[in-house]
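Below is the sequence, then the predicted model.
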Amino acid sequence: MEFMDVVRQRLCIREYAGLPVDEATMNRLVSAAEDAPCAANLRPWAIGMLLDRARIESYGQRAQKWLLNHFAQVSHDVAARQMLEDEDYSMFQNAPALTLIMARASDAQSIEDCCLAAENFILAAQDLGLQALWTGICRPWLNHPAVKKELGIPKSFQVIAPIVLGYPATAQAPAASKSRGVKMADDPVGAKRGSTSAASLGRLAYS
Ligand SMILES: Cc1cc2nc3c(=O)[nH]c(=O)nc-3n(C[C@H](O)[C@H](O)[C@H](O)COP(=O)(O)O)c2cc1C
């Protein structure tokens with residue numbers, strides 16, 4: 001697929017077909033993630049994968065329960081709380097695969113690096129006909145010391161991007177563009193404020 005089509009057609013779906021994702025495919029996606037640019041070429045990530053639907057689902061249920069019991073400590077997002085309270089809510093949507101992109105906490109900008117790796121992973125999944133869903137809500141549970149120990153995540157790493165994926169249950173309609181387009185400003189923002197650096201900005205484009 002053309003790269004721009006991959007970008008345009010990517011869309012989060014939350015219903016997966018029964019088809020498993022094989023290890024070779026996961027390795028291709030992990031390899032795409034690891035090709036992301038990173039600060040000072042430190043490659044400060046570790047990427048784990050789990051290909052066991054039942055275990056993934058049970059982690060989702062445990063995370064949901066834990067988050068509801070500790071909600072005030074981890075979030076103030078009312079909508080997230082309502083979502084967790086919904087008895088039909090399934091955190092990992094019965095997905096056949098889960099990937100954790102983890103950052104080495106001691107490296108400056110490791111979080112940014114992991115976000116770029118995650119985007120590569122998600123777009124590569126789209127290119128291979130898979131659907132990937134970044135499921136950030138479970139992060140506080142995954143980063144709890146007891147859970148990290150259980151999953152074998154080293155203390156020096158933190159989970160940044162938990163991503164579930166699988167083949168979509170239904171054919172995907174092409175997504176409409178979410179871009180608002182770019183408009184040229186009449187005056188650079190800095191010029192209006194009389195900033196001395198405004199001249200170097202030239203004309204500012206914004207969306
Ligand atoms: C950092 C991040 C965290 C996210 N966490 C969740 C999540 O916990 N649960 C979920 O269903 N979707 C999650 N998403 C997916 C977003 O809800 C989704 O990307 C957004 O609604 C836009 O929809 P689209 O991806 O289909 O364009 C997350 C996305 C990002 C980038």
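Yep, it's here. Residues are numbered from 1 along each chain as shown.

how about the residues of the chain near the ligand?
11, 12, 133, 134, 135, 136, 137 (CB under 6 Å from any ligand atom). (Each C-beta comes from the backbone N, C-alpha and C, glycine too.)

so of those residues, which ones are in helices?
Counted as lying in helices by DSSP state H, out of the residues of the chain next to the ligand, is not a single one.

Could I have the buried ones of those as ChimeraX selection syntax?
A single ChimeraX command suffices to select whichever of the residues of the chain next to the ligand are buried according to 16 or more other CB atoms under 10 Å:
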select :133,134,135,137
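
Please render the residues of the chain next to the ligand as TSV that adds distance to residue 122 and pLDDT to the earlier fields.
Listed next are the residues of the chain next to the ligand as TSV, based on distance: CB to CB, whole Å; pLDDT from 0 to 100:
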residue	distance to residue 122	pLDDT
11	11	91
12	9	92
133	9	97
134	7	98
135	12	98
136	13	97
137	17	96
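
Relative to residue 182, which of the residues of the chain next to the ligand is nearest.
Proximity of those to residue 182 (CB to CB) peaks at residue 11, which lies at 22.3 Å.

how near is the closest one to residue 142?
25 Å (CB to CB, to the nearest Å).

before we move on, what about residue 27?
As defined by CB to CB, residue 27 lies at a distance of 22 Å from residue 142.

Mind checking which of the two has more residues around it?
Using other CB atoms under 10 Å as the criterion, residue 27 and residue 142 rank with residue 142 on top: 20 against 11.

domain ranges for this structure?
The chain is divided into the following domains under automatic domain parsing: 3-173, 177-207.

out of those, deepest packed?
Highest mean neighbour count of the domains of the chain: domain 3-173, a mean of 17 (counted as mean count of other CB atoms under 10 Å).

Now do the end-to-end distance for that one.
17 Å (CA to CA, to the nearest Å).

try stretch 163-180
27 Å.

What residues does the spatially most central residue of the chain make contact with?
Nearest to the mean C-alpha position of the chain, by CA atoms, centre = their mean, lies residue 134 at 3.4 Å. With contact set as CB atoms under 8 Å, 6 or more residues apart in numbering, residue 134 has these partners: 118, 122, 161, 162, 163.

Can you pull the poorly scored residue ranges out of the chain?
For the chain, the stretches flagged by pLDDT under 70 are 183-207.

Please, where are all the helices along it?
With DSSP H as the criterion, the chain has helices spanning 3-9, 23-34, 53-69, 71-74, 78-85, 110-127, 139-142, 145-151, 189-192, 198-201.
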